[in-house]
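J.: Coordinates only, no sequence provided:
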Ligand code: PMP
């Protein structure tokens, strides 16, 4: 990696070297196809099912409830389109929130083109949706509610247990995209009655290009990819055994290290937030406050700076060896302001002035010092050039 302070863990995490080690035997050694009936295939099947059990265990699920996919985008497609199509006779109404990942937003548009009705529930200024607001939008036609466990942008953690409890007995299924929350907040399907949950391997320091969908026993989903019927018929295509073994290794490491790791990451994040707000004038924290700590991902620091623009900040920081993200980690390259920030009630220019730092396993304690050695200067220089900031100063 170039010698940069990497503070963009939400968009991509390095694969843990121990995970890479665990994957290597599956490229040449165990190369069989789990669908084959010979001994080489049996070896692959055994490895696949071992990995499935480990991944399931990490999330408090049963092994048969885990369907491996090519990533969280595919898991979201399978969950939402698959559930809507399979359960269409019960109703045609789906509820999402305004804070969802772009994949969920685009799936919602696809459903609308295909005859479903979608309601987008509002979020508050901290990015939170309440069980009550969702409840008020449920009709006799509602079949599915989809709420991301946490926002990949501003890091707000949603009250998923409360929402799941509220839906209990209504017959409405709950899907959650848990990608941003994995490895950072406890997720246990034996405690929270979620029907469907999208997961990604990379978010627990496993390989990119692998995900999973948790499908609670008894929940009916139609496949979206058709073919040879792998993964209980829900996701055809030969399983990527190396990546699946990698996800299992990542889950094992996370099981052992998560509590200490989360505390350390939160410490780094807290120090950055305290220093930015104290040392840079007209700076603000977007999203939920740091306390109570279960309302915000411990890794996430999302700021806005009056009178400066996100892209300009990123590029200046890039020149000074700091890798951060603008408003939305997954679509940093678009010039649209983040839909989540606008839904939180920010003005377009406020959303445009946002900068996101996310920390993780390989963040170093002195990353905050290195960021703060350059960030105040970057903001000052951009403000000198900013007509917006000058207008504010003279207002
Ligand atoms: N959901 C969330 C919350 C995400 O942050 C992302 C991107 N990391 C995805 C879904 C899509 O994941 P993938 O690119 O692995 O398909």
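T.: Okay, I see it. What you see is a predicted model; the values in this text were computed from it and never measured.

J.: OK, contacts around the residue positioned nearest the centre of the chain?
T.: In the chain, the residue lying closest to the centroid (CA atoms, centre = their mean) is residue 180, at 2.5 Å. Residues near residue 180 by CB atoms under 8 Å, 6 or more residues apart in numbering: 10, 101, 148-152, 155, 203, 297. Bear in mind the C-beta positions are built from the backbone N, C-alpha and C, glycine included.

J.: And the pLDDT at it?
T.: pLDDT for residue 180: 98.

J.: Contacting the ligand as well, which ones from the contacts of residue 180?
T.: The subset of these within reach of the ligand, by CB under 6 Å from any ligand atom, is 101, 148, 152.

J.: how many neighbours does the closest residue to the second one other than its chain neighbours have?
T.: Think residue 148. In space, and not counting its chain neighbours, residue 148 is closest to residue 177: 4.4 Å by CB to CB, 6 or more residues apart in numbering. By other CB atoms under 10 Å, the residues close to residue 177 number 28.

J.: Got phi/psi on residue 177?
T.: Residue 177 has phi and psi values of phi -90, psi 110 when expressed as degrees, to the nearest 10.

J.: now it: how far from the ligand?
T.: Distance, residue 177 to the ligand, by CB to the nearest ligand atom, to the nearest Å: 5 Å.

J.: I'd assumed residue 72 was in contact with that residue.
T.: Yes. Judged on CB atoms under 8 Å, residue 177 makes contact with residue 72 at a distance of 6.6 Å.

J.: Find residues that contact each of the two.
T.: Common neighbours of residue 177 and residue 72 (CB under 8 Å, 6+ apart) are 101, 103, 198.

J.: Can you convert these into JSON lines and add a column each for distance to residue 222?
T.: Compiled in JSON lines, the shared contacts of residue 177 and residue 72 are given as follows (distance: CB to CB, whole Å):
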{"residue": "101", "distance to residue 222": "22"}
{"residue": "103", "distance to residue 222": "18"}
{"residue": "198", "distance to residue 222": "16"}
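
J.: Looking at the residues you listed, which one is closest to the ligand?
T.: residue 101 (3.7 Å; CB to the nearest ligand atom).

J.: Name the residues of the stretch 51-200 of the chain found near the ligand, please.
T.: So far as CB under 6 Å from any ligand atom goes, the stretch 51-200 of the chain lies against the ligand at 71-73, 101, 103, 148, 152, 177, 179-180, 200.

J.: which ones are touching residue 17?
T.: Per CB under 8 Å, 6+ apart, neighbours of residue 17: none.

J.: List phi and psi for the spatially closest residue to residue 247 that is not a sequence neighbour.
T.: If the residues on either side of it in the chain are set aside, residue 247 comes closest to residue 201, at 3.8 Å by CB to CB, 6+ apart. Main-chain torsions, residue 201, degrees, to the nearest 10: phi -70, psi -40.

J.: quick one: contacts for residue 201?
T.: Per CB under 8 Å, 6+ apart, neighbours of residue 201: 207-208, 210-212, 243, 246-247, 250.

J.: Of these, select the buried ones using a PyMOL command.
T.: Buried members of those, defined by 16 or more other CB atoms under 10 Å, are picked up in PyMOL with:
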select buried, resi 207+210+211+212+243+246+247+250
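
J.: Mark which of the contacts of residue 201 are part of helices, please.
T.: Using DSSP state H, the subset of the contacts of residue 201 located in helices is 243, 246-247, 250.

J.: one step back: as CSV, the shared contacts of residue 177 and residue 72 with secondary structure, pLDDT and neighbour count would be great.
T.: What follows is the shared contacts of residue 177 and residue 72, written out as CSV (DSSP: H, G, I helix; E, B strand; the rest coil; pLDDT from 0 to 100; neighbours: other CB atoms under 10 Å):
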residue, secondary structure, pLDDT, neighbour count
101, coil, 95, 24
103, helix, 97, 20
198, strand, 98, 31
